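Asks: Model the structure of this input:
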Amino acid sequence: MRRAVCPGSFDPVTLGHLDIVERASKIYDEVVVAVLVNKKKSSLYTVEERMAHLTEVTAGYGNVKVDSFYGLLVDYCRTQQIPVIVKGLRAISDFDYELQMAQMNHGLAGVETMFMTTNPLYSFLSSSLVKEVATFGGDVSGLVPELVHTSLLERMARP
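Replies: Purely as a prediction, here's the structure:
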């Protein structure tokens with residue numbers, strides 16, 4: 001069985017994330033969307049909320065599983081017996097950083113990294129940008145799944 005992991009914070013999940021997950025699900029028999037647990041980072045959504053969002057918006061793919069991990073991604077890959085990391089690249093600046101990570105991951109655990117170029121429709125998109133726009137009342141409806149959009153509106157309406 002060909003397995004891969006799509007890791008990230010997914011705070012919140014965007015249409016760019018889903019584009020990569022969907023495309024990976026057509027190549028691999030199983031894709032694990034792994035939410036990073038980063039206790040040092042302030043997040044809009046809890047890990048459980050992010051996992052719930054991801055589970056709902058990927059339910060139609062059939063071969064996508066949602067999980068979380070803490071620590072090194074390669075350790076997670078090793079314990080879960082996942083030999084491939086799939087990463088989306090939006091720009092050259094992403095490649096500069098991701099290449100170093102891929103080489104480190106391969107050196108540490110022999111885990112391969114497959115780079116997938118982002119659909120040009122989402123090349124500017126990031127969770128941070130979505131949160132910033134939503135914070136100031138901007139319309140992010142075409143950038144995130146409807147479920148997330150509704151959740152963002154509710155979250156931002158809270159005092």
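
Asks: List the buried residues of stretch 147-158.
Replies: 148-149, 151-152, 155 (16 or more other Cβ atoms under 10 Å). Heads up, the C-betas are built off the backbone N, CA and C, glycines and all.

Asks: Ignore what I typed, I meant stretch 86-104.
Replies: For stretch 86-104, by 16+ other Cβ under 10 Å, it's 86-90, 94, 98, 102.

Asks: next one: stretch 30-50
Replies: With burial defined by 16+ other Cβ under 10 Å, the residues of stretch 30-50 counted as buried are 30-36, 43-45, 47, 49-50.

Asks: Give me the subset of those lying in helices.
Replies: Here DSSP state H is the test, and the buried residues of stretch 30-50 give 47, 49-50 as lying in helices.

Asks: can you give me the end-to-end distance of stretch 66-79?
Replies: Criterion Cα to Cα, to the nearest Å; first-to-last residue distance in stretch 66-79 is 16 Å.

Asks: For it, give me every contacting residue.
Replies: Here stretch 66-79 makes contact (Cβ atoms under 8 Å, 6 or more residues apart in numbering) with 5, 7, 32-37, 39, 47, 51, 54-55, 58, 80, 82-83, 85, 105, 108-109, 111.

Asks: Tally up the residues packed near Gly16, please.
Replies: Gly16 has 22 neighbours, counted by other Cβ atoms under 10 Å.

Asks: What helix or strand is it located in?
Replies: helix 15-25 (DSSP states H and E).

Asks: elements contacting that helix?
Replies: strand 3-8, strand 30-36, helix 47-58, strand 84-89, strand 112-117 (3 or more Cβ pairs under 8 Å, 6 or more residues apart in numbering; DSSP states H and E).

Asks: what's the spacing between Val130 and Ser141?
Replies: Separation of Val130 from Ser141 (Cβ to Cβ, to the nearest Å): 11 Å.

Asks: Those two: who's more crowded?
Replies: Val130 (24 against 13).

Asks: wait, the more buried one sits on Pro145?
Replies: No: with contact defined as Cβ atoms under 8 Å, Val130 does not reach Pro145; the gap is 11.3 Å.

Asks: before we move on, the earlier item: got the CA coordinates for the helix holding Gly16 in PDB?
Replies: C-alpha atoms of helix 15-25 as PDB (Å, rounded to 0.1, in the frame of the first residue of the first chain):
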ATOM      1  CA  LEU A  15      -8.800  25.500  -0.300                       C
ATOM      2  CA  GLY A  16      -5.100  25.400  -1.100                       C
ATOM      3  CA  HIS A  17      -4.500  22.700   1.500                       C
ATOM      4  CA  LEU A  18      -7.500  20.800   0.100                       C
ATOM      5  CA  ASP A  19      -6.200  21.000  -3.400                       C
ATOM      6  CA  ILE A  20      -2.900  19.300  -2.400                       C
ATOM      7  CA  VAL A  21      -4.700  16.700  -0.300                       C
ATOM      8  CA  GLU A  22      -7.100  15.900  -3.100                       C
ATOM      9  CA  ARG A  23      -4.400  15.600  -5.700                       C
ATOM     10  CA  ALA A  24      -2.300  13.400  -3.300                       C
ATOM     11  CA  SER A  25      -5.300  11.200  -2.700                       C
END
